[in-house]
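1. no sequence on this one, just coordinates:
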């Protein structure tokens, strides 16, 4: 969709409020009043089926009666009327509509049908839609409150997108109180049309938008979201609070919005890929808003802490160190300056403890010295109201320091009544103030980590070590045959063949159907060997006693052969397997897992980590989204604990990490080339200093996929 | 020390303020003024070296001039004068003193000397001391502010002990603002005398104390602290914020208080043993204060969430589930009540979503229904200010519900100006209000977990499976001999003997000094074997190539024997080892670590968990303090991830957990019986369904310990 439409949508010169009313308890009343009473300079028309006057303005009885097509229509009428109204808007030539009304996706089958009808109407008439089931939006620069939220925030750099209208109200109330400005404030609702990705793209074209804050419950066009977000986060941060992570939360999302919340691991991988800072609580989301509203972004993670309170400074120091931040080392020059300005008993290091009787000018001197110190990336000023403390005067001294915006400066004036005048002074001057130091540190570190990650992401990935020519045609044939025969679980020889065709090394499995074949194969493999029943499509053979390990002689192998045939016969009487599988038993230092699972929102998600039987116990697993390049593959590997061992640990030799990266790269290609693949489980993939091999492979095909290859992800750019 | 003295200390009828003054900037001024102006009914005497009048009251020139011995003296004079003043107090017959002055433990060598002198003076004259370097204390029930903190909190159940005076001021300011009451408010300072344990014991005798809140940087009499805390937490909660966890934080503690912060793992084990709820941030500490001030303690972890805001309720649900809480299942009866009281579109489940236009009486009905539902342990009321929301009226409806104190009720009215009147109404009625739902949930879950843990702790531990008769005398001999010969690192045969003497199974190591001996031993062990150089006191042989594994034949063994002798000779030319060690090579399913390390504050700390080379990588380790009973040992084991495997996982048979518990029990006894042991490292201790064995054992002795056995922990009671 062209972004001009979106631009007009958010910068309308004329607006029609359909359902505008004189009933103070109605939403249509609030919206019309909000627009009429705001400083917005455009024209707003009330549309009310009864005509007459609405809040003193003559109302139009219908959309068709309007003097001309408005740039925006806001529909606040009962859900059964919406489709017809949309069609009327379309006929009138209106190109954008906010649907405030609820009663759609969250309202059972009937609601879902209505939802589909408004999507169709929007498509038929080329109307962009925000909602349904939303609050509307606010554009503070225009002074336009096109919502029924009761307040107008001040103008600023943050664009806020929320899938919860209630949270909009809360954030608004807090923001006005703490002097936080917004460029856009959008209640996105059920996303019949305008979705997160398009808003991000649009905000990326607006230089006034300095950051995006999102509350998200569900997501559509997930891959597009990732690429839009990544384009934005190259230069400006996006913070997301994602709800619906645990089963009860997912259930609540479904009941709340009628949509699926998706899988947490997939979101984690997606957010990371997109360079998004993820937060876990509403408090964190708002704390970031404070930081983003006021602050320069930190260039690194070295923090100076200036305090009149020893205890809180210790806590802050712990918190910083625990989360990977650094207590800045003060330069000699800074120490000299502080020695001159502070009482002799000051702490002589960072945290800069000014002691309990710290005076405003001492705070000033300390902040000034830190601003000039190139080894400091951010400054946190802690103040606890002690007997001679002057919070307001201290705040005034601080805000009057020239060049205060050279570095991020955070404050934690810790108290209520005793500090409130100081807090007000700081907030008015654009210094974010936190109730406790930890909250400031969390934001400081989140932003400095984002800066660091973005710098890494800009680096070109190393090239793949050799040319990669998979046999796609061979795999297509295998997969199509399997699907045609209704066999959706592929194991053993066939599964390994699929990997081999993509140049992923496997430990060969041999099918043996006679004693003679067994003898020949044993000559090839040597001992020990593993033998398994040949049960096509059976994913878990161990449970049936269908797997024998540690077979060390021809005699044992003979016996196992007979036993396994018996077991197979007993379990598959109608379709007796003709032979058994034989493999060389291989033991290498590390057991890994390489796998994938289709997520309902993101499609295939790759997992990598410590394998073996206890994958679920240690959960040392990293998730990633295909496609991968060598750098992304490396990043996945590095996120696991077992990487510490793989790269070589103490006296133990490491393995070829680059080879594993390349295997992940190939594996990702396999998933992209074959959307028919629903799930892959390579466990274990064993590896030591001499290389790696897939020992056990299971592939499940997707019964819902059409029987052809396709690349649904071609729009997802890879970091070069 | 007799607790009567402490009782008199906190309930004085007469107080002398030494250093009371007319100088408004002095601490002595503030303290005298605070006492004089408070409703305290006792008598306060100013003592000032210059005599005259202090704040209109005739001052005494010296302590000896006082008309009689006061119950309490508060010393607020420069540190060099304090020792002499204390002695004067003693001669006068004063039995308690608060030393406000700083300049002691935190002030270099001179300060430390002074600190020791005041301890001596206090001992000589039988004076109980709070401080030095503290704010004093507040006893709100007496209306007594014996501190220089500027405010008086209201009277209530929380006893607060803080090692940071600044944090006292902050908590005070917040508390007054949020209507939180205290029974005692104690700035504990450098703990020359009165320490955490004694305060806890004393508070445990006061029925008005319903909980204790602690900010802690360091700890003395650590074991006594554990037993005092455990006695208290059997019935009432203790919440601790411990500072100084990470290196930079420990450094800050040292600079701040002149004391060691200790090791985090040891504190974790100690707090757990003591039944203490540990918090990580200042915000959490204060949030608990809110809960403890107002709330009944929850009986379980099933929460009902009542909301007018879908999004925040989803977030709350996630947060609850992630931290082990349960979304309460509403009973049929509750559903019926809610169907009758709420609009048809309510969520029909928990979270109880009243929808955006929720009215006060609907909130009331929902809370009432939940109070009556036996399957609900706590209620969280979320309110976001939406267009028709009435926060104040909603709050009034809620506080007027009869029987509201039947269950813990938390509120999160999410906003600023829009909700502030509602918040005030709730706070005044004793309902804790949190800025976001997550903060309330954290406190709810912390307290319900504490209740649950305490119930478990009351259960009698199972008995040890068989009688345990260690050969203490034999170990004493080994250890004394080792220390006498200056050998502080014990390995191999001797180290295993120490375990065997405590009935901990080991894989025997044999010393072989001739080819003939080697042949004989190999007959005993069979193959494969491990061979190592015999290098007394050498902890890490692998680095020298001094360990050979997988020796599978007599021929290989012969070669290894020769090689190892050569290596030994090369590395120990002056003291050539005479032989090599031989062990049967044992492979079992799981490698564990059992170890211990002396902590500077707590003495020996036991660790248990996943062993092998990668202990530091996976960090699947639980810590505990000796002594252990079978229940405590089990608890340690259960805290590890590898326990999921040990107890039997999927098709894999489990191991004898009780046997491991018993080994930990014995191991703890070993540590208690021999304080000479500084560090033990049994890694791996291998185990499978047929039992467990220590394969490699290293024991380090403590060069600082006297060469005799002793039991320093006899005062620490074990749970029966």
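-> Arrived safely, thanks for sending. Bear in mind that the values here come from a model prediction, so they are computed numbers and not experimental data.

2. any idea how far residue A:414 lies from chain B?
-> Distance, residue A:414 to chain B, using Cβ to the nearest Cβ, to the nearest Å: 4 Å. Heads up, the C-betas are built off the backbone N, CA and C, glycines and all.

3. just to check, that residue is in contact with residue A:436?
-> Yes. When contacts are counted by Cβ atoms under 8 Å, residue A:414 is listed as touching residue A:436 (6.5 Å).

4. could you name every residue contacting both of these two?
-> In terms of Cβ atoms under 8 Å, 6 or more residues apart in numbering or on different chains, residue A:414 and residue A:436 are both contacted by the residues A:312, B:282.

5. have a look at the two and say which one is more surrounded.
-> residue A:414 (30 against 21; other Cβ atoms under 10 Å in any protein chain shown).

6. separation between the more buried one and residue A:440?
-> Noted for residue A:414: a distance of 11 Å to residue A:440, by Cβ to Cβ, to the nearest Å.

7. spatially nearest residue to residue A:101 (excluding sequence neighbours)?
-> What sits nearest to residue A:101 in space, not counting adjacent residues and going by Cβ to Cβ, 6 or more residues apart in numbering or on different chains, is residue A:79, at 4.9 Å.

8. how about that neighbour, what does it touch?
-> Going by Cβ under 8 Å, 6+ apart, residue A:79 touches A:101, A:102, A:103, A:104, A:107, A:111, A:114, A:132.

9. next one: residue A:326 from residue A:239, what distance?
-> 22 Å.

10. of the contacts of residue A:79, the lowest pLDDT goes to which?
-> The member of those with the lowest pLDDT is residue A:107, at 86.

11. tell me who's in contact with the closest residue to residue A:22 other than its chain neighbours.
-> Among residues not flanking residue A:22 along the chain, residue A:54 sits closest, at 5.9 Å (Cβ to Cβ, 6+ apart). Residue A:54 makes contacts with A:20, A:21, A:22, A:32, A:46, A:48, as judged by Cβ under 8 Å, 6+ apart.

12. my read: the last one touches residue A:23, true?
-> Looking back up the chat, that one is residue A:48. No. The pair residue A:48 and residue A:23 does not pass the contact test of Cβ under 8 Å, sitting 10.2 Å apart.

13. who has more neighbours out of these two?
-> Using other Cβ under 10 Å as the criterion, residue A:48 and residue A:23 rank with residue A:48 on top: 21 against 9.

14. contacting residues around that one?
-> Residues in contact with residue A:48 (Cβ under 8 Å, 6+ apart) are A:19, A:20, A:21, A:28, A:54, A:59, A:60, A:61.

15. number of residues surrounding the third one?
-> Spelled out, it's residue A:21. When neighbours are defined as other Cβ under 10 Å, residue A:21 has 24 of them.

16. geometric centre of chain A: which residue is closest?
-> Residue closest to the average C-alpha location in chain A (Cα atoms, centre = their mean): residue A:271, at 2.6 Å.

17. which of the three states applies to the closest residue to that residue other than its chain neighbours?
-> The shortest distance from residue A:271 to any non-neighbouring residue, by Cβ to Cβ, 6+ apart, is to residue A:278 (5.0 Å). For residue A:278, the assignment made with DSSP: H, G, I helix; E, B strand; the rest coil gives strand.

18. check contacts around residue A:278.
-> Residues near residue A:278 by Cβ under 8 Å, 6+ apart: A:239, A:240, A:241, A:242, A:268, A:271.

19. biggest separation within those, which pair?
-> A:239 and A:268 (14.9 Å; Cβ to Cβ).

20. what about the two, which has more around it?
-> With neighbours defined as other Cβ under 10 Å, residue A:239 and residue A:268 compare such that residue A:239 has more, 26 against 17.

21. starting at the chain centroid, how far to the helix or strand in which that one is found?
-> Using DSSP states H and E, the element containing residue A:239 is strand A:238-242. Mean C-alpha position of strand A:238-242 versus that of the full chain (Cα atoms, centre = their mean, to the nearest Å) differs by 7 Å.

22. circling back: adding secondary structure, write the contacts of residue A:48 out as CSV.
-> Output for the contacts of residue A:48, formatted as CSV (three-state DSSP):
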residue, secondary structure
A:19, coil
A:20, coil
A:21, coil
A:28, helix
A:54, strand
A:59, coil
A:60, strand
A:61, coil
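
23. which residues of the stretch 201-350 of chain A lie near chain B?
-> Residues of the stretch 201-350 of chain A that fall close to chain B, judged by Cβ under 8 Å from any Cβ of the partner chain: A:215, A:217, A:241, A:243-249, A:251-253, A:255-257, A:280-283, A:308-315, A:317-322, A:327, A:345, A:347-349.

24. inside strands: which ones of those?
-> Taking DSSP state E, the ones among those that sit in strands are A:215, A:241, A:327.

25. which of these lies closest to chain B?
-> Proximity of those to chain B (Cβ to the nearest Cβ) peaks at residue A:327, which lies at 4.4 Å.

26. what's across from the closest one in the sheet?
-> Bridge pairing for residue A:327 (DSSP bridges) gives the partners residue A:303.

27. verify the contact between it and residue A:305 for me.
-> Yes. When contacts are counted by Cβ under 8 Å, residue A:327 is listed as touching residue A:305 (7.3 Å).

28. mind picking out the helix or strand in chain A with the poorest mean pLDDT?
-> Every helix and strand of chain A was ranked by mean pLDDT, DSSP states H and E. The lowest is helix A:247-257, at a mean of 82.
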